[in-house]
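Participant: need a 3D model of the sequence below.
(chains A and B)
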2 protein chains.
Amino acid sequence: MLANIPRLKDFIAKNNLDAVIATCPENVTYLSGFWAMSQWVRRGPQAYVLFPRETAQPCIIANSGILDLIPDQQPWIREVRRYGYFQIDVDSSATLDAGDVLQQQLFGSTAYKDSVDALVTAMKEKGLTRGTVGIDEMGITPQCMEQLTAALPDVKFVRCFSLFERVRSVKTPGEIEILQKAARITERAIDAALNIAAEGVTEREMLRAFNASLAHDDAAPVVGCIGFGNRSAMINVQPSDRKLKRGDLIRFDVGGRYRNYRSDMSRGASLGEPAPKIAKYYRAVEKGVLRGYDIIKPGLKVSELFKEIVATVQKEGIPHFARSHVGHGIGVDGYDPPNISESSTDVLEENMVICVETPYYELGFAGLQVEDMVRVTNNGAASLMSLPTALRIL
Amino acid sequence: MLANIPRLKDFIAKNNLDAVIATCPENVTYLSGFWAMSQWVRRGPQAYVLFPRETAQPCIIANSGILDLIPDQQPWIREVRRYGYFQIDVDSSATLDAGDVLQQQLFGSTAYKDSVDALVTAMKEKGLTRGTVGIDEMGITPQCMEQLTAALPDVKFVRCFSLFERVRSVKTPGEIEILQKAARITERAIDAALNIAAEGVTEREMLRAFNASLAHDDAAPVVGCIGFGNRSAMINVQPSDRKLKRGDLIRFDVGGRYRNYRSDMSRGASLGEPAPKIAKYYRAVEKGVLRGYDIIKPGLKVSELFKEIVATVQKEGIPHFARSHVGHGIGVDGYDPPNISESSTDVLEENMVICVETPYYELGFAGLQVEDMVRVTNNGAASLMSLPTALRIL
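Facilitator: A predicted model of the protein is given here:
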């Protein structure tokens, strides 16, 4: 189970909702455990999860063409409604295994005309024909939303993408385990990339080594910013044919996707001894992240965390250091709440998993960045990292 | 240039629009050439391209945090408006290179409050304060859409995601070149996966080999369905620890992303001699695709193509063969128009690039599939493939 169901129920109750409906890929997978492939790989396909407040069972709504994924994934939500035509045949001479039997059952169920038809039927059968229903506005198309509101005129629909985000911000044990593995896999990929570092190696070659390592560990590349020298100052530097030179700073801001969960981390390395300014500035941004480790605990105001980290970087060597944010939650999407900014009104909670980062970008010079994935525990910060934070000298 | 600008202008004129606005990742990248990273890797970030009908210049709207991507990518649309705060510094002692100079200029421009503020300002300055404007409804959030319509009450906004899809369906030379490379890279990855085929090798190990090959060729994995034996009958089979056995059919339905463009193809292989039914059925689905090659040309009704292909598979060995569709366009997204179905009213046009596929899924037996990427030319079908269509016997 990925979803934090007690927290979801609490938010549903506090917002006086009768049900919530997940519609975007991240929320559908988070809530049900079902990776509704078509919505992850193309623009437009619809999949939903209906989660009623009361005793009625939750329900997955998916197009017929992805039902085959149910047996392998075994989502905890067992009720599945399908829509649309998709042809499969059955070998009548074969003894089907359990997965194929389940597939056959699913394909034997009613095929609704379209996604909204299936959703409306489910809502009616579960007594959701009036009241207030939260709908994740980030996955349903405007056309489907119009069709839904027209079919259920007595239901008041309110947007609830941000409710899902807030539920997601406190991780379950299952999520923490995946995030921990995602972090370790990404660290190994950084190591693999740095293992080929030598004069003349290009940014692109290093990305290839990074991505090959992810592939070996069953993770997919998502963010692969690797920049050398002055290119490291580009915020989202996309690897080019720039060759590595002695004295270059190498900045990684990288992350992948593992079992649908994201990683996001940053480290720096130097080919040979770094220039004094690089060493000094890197140490300053590193100290900022380390200051985060000192003070992170449940109850800490996120705005305080922001101020302490920024002040530390300023004090430790970059007096003009300024940032919009110094981190963010991470989970099934790359940015979960909280956003670690001065204006945040959030407070850290136990089992938030956050990225703490203090990037500094100076055009004509370099980009220096340390970013760690950190879990908030009742004993303070628990790192998901194993790589040292210090500038690695190659 | 990726976008088919003459076709876009033609569609804008026919629909009596004064401008169109791209908002989803695929359309923003397609229209401008700008890969607005944040919207590709997270749910929510907004980026737009405003394209006026008349002489006014088109314009990219992006958050400040991705402006660094502009110098490397050099989108053909030069006007860029940014929104939001992002801190970068400049080494005043350094001589900036051309890319850094451009970055500095971009960061020196006005930062609008938010994405809609930037878009509305651009529209006003370009005289778009009344009339009819097409907006791609698949990338803009409902909140931003409300803000936009409130700010420009005299503009009639009409949805135009499907207009973009129809423009995209006829490829430019630049797109064809990328799609050709994407196809070749994916074929190499299939070869790499089949190179490790042996008794005891798992589906997952084969996927790792496939993905590692993509990484080596600068492509990212997107669809990696690889199934053995009866698992090959699962439509979207996700690789498991199932071990390869002699006589197993191996089905690949795979694709990646290369320079933001997609590949999608399918092949089958057999470890040792296939059972007669596998050989017969595979040959039937293969003949269906080959029939497509015979008749594809500009002007052919897509519904005719569907009927011919289905009838061929039926005649060649699977009399009960039935399908919702036997292919689709492909480009910056996995499915572009046309959808090759019986109900389609589309007609093939020169330089459409389509996937032609005849998958057959039989639970308890196997899944047999041939899928080719094909360009429509005035001389008929031009394959983007080099792998033979025949069942490969290992």
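Participant: ramachandran angles for the most centrally placed residue in chain A?
Facilitator: The centroid of chain A falls nearest to A:Asp333 when counting by C-alpha atoms, centre = their mean (2.2 Å). Dihedral pair for A:Asp333: phi -120, psi 170, per degrees, to the nearest 10.
Participant: ok, now how distant is it from A:Glu165?
Facilitator: 8 Å (C-beta to C-beta, to the nearest Å). (Glycine included, C-beta is placed from N, CA and C.)
Participant: residues contacting the residue nearest to A:Ser64 when sequence neighbours are not counted?
Facilitator: Computed as C-beta to C-beta, 6 or more residues apart in numbering or on different chains, the closest residue to A:Ser64 that is not its neighbour in sequence is A:Phe86, at 3.8 Å. Counting by C-beta atoms under 8 Å, 6 or more residues apart in numbering or on different chains, A:Phe86 makes contact with A:63-65, A:67, A:107, B:235, B:324.
Participant: how does it look with 10 Å?
Facilitator: A:Phe86 makes contacts with A:63-68, A:107, A:111, B:235, B:323-325, B:361, as judged by C-beta atoms under 10 Å, 6 or more residues apart in numbering or on different chains.
Participant: tell me the secondary structure at it.
Facilitator: Here A:Phe86 is recorded as coil under DSSP: H, G, I helix; E, B strand; the rest coil.
Participant: can you give me the distance of it to B:Ile235?
Facilitator: 7 Å.
Participant: which neighbours do those two share?
Facilitator: By C-beta under 10 Å, 6+ apart, A:Phe86 and B:Ile235 have these common neighbours: A:64-68, B:361.
Participant: tell me which two of the residues you listed sit farthest apart.
Facilitator: Maximum pairwise distance in these, criterion C-beta to C-beta, is 12.6 Å, between A:Ile66 and B:Tyr361.
Participant: between the two, which contacts overlap?
Facilitator: Counting by C-beta under 10 Å, 6+ apart, the residues touching both A:Ile66 and B:Tyr361 are A:86, B:235.
Participant: for A:Pro153, what are its contacts?
Facilitator: A:129-130.
Participant: what are the phi and psi angles of it?
Facilitator: Phi and psi for A:Pro153, reported as degrees, to the nearest 10, are phi -70, psi -20.
Participant: again, but for the one 3 residues further on
Facilitator: Recorded main-chain torsions at A:Lys156 are phi -90, psi 120, according to degrees, to the nearest 10.
Participant: ok, back up a step: now the residue nearest to the centre of chain A: how far from chain B?
Facilitator: 5 Å (C-beta to the nearest C-beta, to the nearest Å).
Participant: burial check on A:Met385, number of neighbours?
Facilitator: 19 (other C-beta atoms under 10 Å in any protein chain shown).
Participant: surely it and A:Met373 touch.
Facilitator: Yes - between A:Met385 and A:Met373 there is a contact under C-beta atoms under 10 Å: 6.2 Å.
Participant: OK, contacts around the residue lying farthest from the centre of chain A?
Facilitator: Computed with C-alpha atoms, centre = their mean, the residue of chain A farthest from its C-alpha average is A:Ser93, at 44.5 Å. Going by C-beta under 10 Å, 6+ apart, A:Ser93 touches B:364-365.
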